[in-house]
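> Have a look at this fold, sequence not included:
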Ligand SMILES: Nc1ncnc2c1ncn2[C@@H]1O[C@H](COP(=O)(O)OP(=O)(O)O)[C@@H](O)[C@H]1O
Ligand SMILES: [Mg+2]
């Protein structure tokens, strides 16, 4: 049946929808909050959890599921705002906006959040893009920063031309490894920026494996951003196992997704002609591990190469060649996920 905006069915539907949004939903939300407070006061958290779980699968309150808070795993706090209709707003950056625009016409399009253009909020400019968590209920999310370095060659050159001693970087360094500074650095209680930049890449898997884990948040709420010193394949595999809850079929799904992404990257005009630095792969799956996604995000440090020049993304980086090691990172990531899935298979076989 074809309906028009003014036919009785559409009018009734709009009325129902309005009634729900404006009258019933606020009432239910108030009730929900009051219940939560009451149970927290009495510290009967277990009872509260029971009620909350009931509410979660009650079809009447499906909308609460959709209200699952948006997760920001890495990056600068305060860079994001909620958009409308399944979008998020990220603070505007010319370089990133330019990349997103180009990517909308590239083979990689289905692997990046859909870019809707720029908008203004409270006098500030934002890029409006698809929320990659929008289609998921209680998603598990992991951010892996790709490449053998996370600074641009330009940044290193600039930092070297002005090698000021930085006390803040010395502090960050000793918080992670108090044995790292040299005698002179300890005496000055400061390090130079290039020294700090190069050291930071060497303590994680960035310089050896070509990617590093930035953060993980699981469906059950467990999360961690403590991967600054996760370096070896074994340590990374342990973190991937935590992220996937040791679910072998989910690990295999990620292997398939990553292999498809690799094939697309190898044929993408955008990828061949850009130095991709500081960009991440965002992994998302639902609680059951049936719905899985891998997408490229963060193009704030992605630079186009001069006309006609291409990057290989697997060649070793030598200052001046601008290689980023992105595909080495992806190869290693696939290998780690693959080994993990095979180990789970072996464990299962041993159990029988
Ligand atoms: N389109 C998106 N959909 C869902 N989550 C996103 C999206 N873009 C970014 N995020 C979340 O925000 C975090 C930081 O994003 P990123 O673009 O890397 O910001 P920054 O430029 O501040 O590093 C990511 O780790 C991810 O959790
Ligand atoms: Mg980032």
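Received it, and whenever you're ready, just let me know what you need. Keep in mind it's a predicted model, so treat the numbers as computed, not measured. Ligands and ions are numbered 1, 2, ... in the order given.

> where along this structure do the strands fall?
80-82, 87-91, 115-121, 124-130, 140-146, 165-166, 191-192, 211-217, 223-224, 274-277, 280-285, 292-297, 301-304 (DSSP state E).

> Could you dump those into JSON lines and include mean neighbour count, distance to ligand 1 and mean pLDDT?
All C-beta atoms are positioned from the backbone trio N, CA, C, and that covers glycine. Formatted as JSON lines, the strands of the chain follow (neighbours: other CB atoms under 10 Å; distance: least, CB to the nearest ligand atom, whole Å; pLDDT from 0 to 100):
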{"stretch": "strand 80-82", "mean neighbour count": "14", "distance to ligand 1": "6", "mean pLDDT": "91"}
{"stretch": "strand 87-91", "mean neighbour count": "20", "distance to ligand 1": "6", "mean pLDDT": "96"}
{"stretch": "strand 115-121", "mean neighbour count": "14", "distance to ligand 1": "9", "mean pLDDT": "96"}
{"stretch": "strand 124-130", "mean neighbour count": "19", "distance to ligand 1": "5", "mean pLDDT": "97"}
{"stretch": "strand 140-146", "mean neighbour count": "24", "distance to ligand 1": "4", "mean pLDDT": "97"}
{"stretch": "strand 165-166", "mean neighbour count": "16", "distance to ligand 1": "21", "mean pLDDT": "92"}
{"stretch": "strand 191-192", "mean neighbour count": "23", "distance to ligand 1": "23", "mean pLDDT": "94"}
{"stretch": "strand 211-217", "mean neighbour count": "23", "distance to ligand 1": "6", "mean pLDDT": "97"}
{"stretch": "strand 223-224", "mean neighbour count": "14", "distance to ligand 1": "11", "mean pLDDT": "92"}
{"stretch": "strand 274-277", "mean neighbour count": "23", "distance to ligand 1": "12", "mean pLDDT": "97"}
{"stretch": "strand 280-285", "mean neighbour count": "23", "distance to ligand 1": "5", "mean pLDDT": "98"}
{"stretch": "strand 292-297", "mean neighbour count": "19", "distance to ligand 1": "4", "mean pLDDT": "98"}
{"stretch": "strand 301-304", "mean neighbour count": "19", "distance to ligand 1": "9", "mean pLDDT": "96"}
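
> so which of those strands gets nearest residue 332?
Proximity to residue 332 (CB to CB) singles out strand 211-217 among these, at 6.8 Å.

> Give me the contact list for that closest one.
For strand 211-217, the surrounding residues in contact (CB atoms under 8 Å, 6 or more residues apart in numbering) are 71, 73-74, 140-147, 204-206, 223-225, 227, 230, 236, 239, 242-243, 280-281, 329-330, 332-333.

> The same query, at a cut-off of 6 Å, please.
71, 73-74, 141-146, 204-206, 223-225, 227, 230, 239, 243, 329, 333 (CB atoms under 6 Å, 6 or more residues apart in numbering).

> which ones are touching residue 179?
Residue 179 touches nothing, counting by CB under 6 Å, 6+ apart.

> burial measure for residue 132, as a count.
For residue 132, the neighbour count with other CB atoms under 10 Å is 21.

> typed the wrong thing, it's residue 237
As a burial measure, residue 237 scores 16 neighbours (other CB under 10 Å).

> I'd say it and residue 336 touch.
Yes - counting by CB atoms under 6 Å, residue 237 does reach residue 336; the two are 5.2 Å apart.

> which ones are touching the residue of the stretch 151-300 of the chain found nearest ligand 2?
Closest residue of the stretch 151-300 of the chain to ligand 2, CB to the ion: residue 298 (3.8 Å). Going by CB under 6 Å, 6+ apart, residue 298 touches 279-280.

> switch the cut-off to 8 Å
Applying CB under 8 Å, 6+ apart, the residues contacting residue 298 are 75, 96, 278-280.

> confidence score at it?
Residue 298 is assigned a predicted lDDT (pLDDT) of 98.

> Most widely separated two among the contacts of residue 298?
Based on CB to CB, the longest span within the contacts of residue 298 runs between 96 and 280 and measures 12.5 Å.

> how does the protein divide up, domain by domain?
Following the TED database, the chain resolves into domains at 133-148+210-350, 152-209.

> Need the winner for burial among those domains.
Ranked by mean neighbour count, the domains of the chain are led by domain 133-148+210-350 with a mean of 18 (mean count of other CB atoms under 10 Å).

> What is the distance between that one and the centre of its chain?
10 Å (CA atoms, centre = their mean, to the nearest Å).

> cool, stretch 122-133 as well?
16 Å.

> Identify the residues contacting it?
The contact list for stretch 122-133, computed with CB under 8 Å, 6+ apart, reads 68, 70-71, 81, 83, 86-93, 96-97, 100, 113-120, 139, 141, 282, 284, 293, 295, 297.

> Near residue 94, how many other residues are there?
Residues near residue 94, counting by other CB under 10 Å, number 10.

> who touches residue 121 in this structure?
81, 89.

> Nothing else from me, thank you.
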